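J.: what's the 3D shape of this:
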Amino acid sequence: MGEEGRFDGGAWIRALAGLTAIVLLAGCVSAEDIAKRERESDGYYKQGLSNMDSHQQQAIVSFQKSLQANPDNFDAHYALGSIHFLRKEFAEAEREFQRCIELIPDNGEALNFYGRTLIELKRLPEAVAVLRKTTALPLYATPDVAYTNLGSALHLLGDHAGALRAYQEALKIDPPTVPRALLYLEVGRLYMGQGENIKAREALAQVKSLDPQGTAGAEATKLMQKLK
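T.: Have a look, this model is predicted:
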């Protein structure tokens, strides 16, 4: 083999080393860019939080900018979904909560909110499946909220026995997040619907005891008068 065709191992190694250095440098720049975009995303997210109560539209814009900087910002997706839900923009809320679940599949708050959104969209079997999954999460801090939403979905589906079980499970959670007077009120209504007046009266009496001057107590009084 002539000089022009001879393999130059040293040159090949030097070229490879140079290429490796370029790749590593590009990786460093990329990591720095990612960190910068994450900081930018976090800044817009915090800006959105500060406007959620007073300037809702501005908050939406801030959360959208946060997601433009970092599409994987779970908190920005959750906050944006929450606003859409409050504005009754349920299709948009569903999109954001779905993305939350893609990012963190076992996040109880996102799953619960997703289930509530599906109830509003009248997709009750899907809502039940999501909420059952939520109640089964071992680290979810407020399972009584998910049980309450599950009870609502089952009630709307006509599964009164299933709804009753869900509300009764919610009542076992201590400390409670959902006011127990409201849970006993739903239990009383379900027992009334099943013709179990004694159990209905017992549940409604609990409501009056827990909320004697409140809306739930007043509603319980009205229902008890129907049992006489």
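
J.: can you give me the helices for the protein?
T.: If DSSP state H is used as the criterion, the helices of the chain fall at 9-51, 56-69, 74-86, 90-103, 108-120, 124-135, 143-157, 160-171, 180-193, 197-210, 215-227.

J.: Switch those helices over to a markdown table; also include mean pLDDT and mean neighbour count.
T.: From N, CA and C alone the C-beta is placed, and that goes for glycine too. As requested, these are arranged in a markdown table below (pLDDT from 0 to 100; neighbours: other CB atoms under 10 Å):
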| stretch | mean pLDDT | mean neighbour count |
| --- | --- | --- |
| helix 9-51 | 65 | 12 |
| helix 56-69 | 91 | 18 |
| helix 74-86 | 95 | 21 |
| helix 90-103 | 97 | 19 |
| helix 108-120 | 97 | 23 |
| helix 124-135 | 98 | 20 |
| helix 143-157 | 97 | 23 |
| helix 160-171 | 97 | 20 |
| helix 180-193 | 96 | 22 |
| helix 197-210 | 96 | 18 |
| helix 215-227 | 94 | 15 |
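
J.: So which residue is dead centre in this protein?
T.: The centroid of the chain falls nearest to Ala110 when counting by CA atoms, centre = their mean (1.7 Å).

J.: Quick check, that residue in contact with Leu80.
T.: No: with contact taken as CB atoms under 8 Å, Ala110 and Leu80 are classed as non-touching, separated by 11.9 Å.

J.: ok so, going back, tell me who's in contact with the residue nearest to the centre of the chain.
T.: Phe74, Tyr78, Gly81, Phe97, Cys100, Ile101, Ile104 (CB atoms under 8 Å, 6 or more residues apart in numbering).

J.: What spatial separation is found between the fifth one and Asp72?
T.: In this structure, Cys100 and Asp72 are 11 Å apart, going by CB to CB, to the nearest Å.

J.: just the last one next, same as before
T.: The gap separating Ile104 from Asp72 is 10 Å, by CB to CB.

J.: next one: the second one
T.: Taken as CB to CB, the spacing of Tyr78 relative to Asp72 amounts to 12 Å.

J.: Over to the fourth one?
T.: Relative to Asp72, Phe97 is positioned 15 Å away (criterion: CB to CB).

J.: for Gln213, same thing?
T.: Distance from Gln213 to Asp72, by CB to CB: 48 Å.

J.: pull the CA atoms of stretch 76-87 into PDB?
T.: Provided in PDB are the C-alpha atoms of stretch 76-87 (Å, rounded to 0.1, in the frame of the first residue of the first chain):
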ATOM      1  CA  ALA A  76     -47.800  24.800  35.500                       C
ATOM      2  CA  HIS A  77     -49.900  22.200  33.800                       C
ATOM      3  CA  TYR A  78     -51.800  21.600  37.100                       C
ATOM      4  CA  ALA A  79     -52.300  25.300  37.800                       C
ATOM      5  CA  LEU A  80     -53.500  25.900  34.200                       C
ATOM      6  CA  GLY A  81     -55.900  22.900  34.500                       C
ATOM      7  CA  SER A  82     -57.300  24.300  37.700                       C
ATOM      8  CA  ILE A  83     -58.100  27.600  36.200                       C
ATOM      9  CA  HIS A  84     -59.700  26.000  33.200                       C
ATOM     10  CA  PHE A  85     -61.800  23.900  35.500                       C
ATOM     11  CA  LEU A  86     -63.000  26.900  37.500                       C
ATOM     12  CA  ARG A  87     -63.900  28.700  34.300                       C
END
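
J.: mind putting the contacts of Ala110 in TSV, distance to Glu169 included?
T.: Putting those into TSV (distance: CB to CB, whole Å) gives the following:
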residue	distance to Glu169
Phe74	28
Tyr78	25
Gly81	26
Phe97	23
Cys100	25
Ile101	23
Ile104	24
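
J.: Much appreciated, bye for now.
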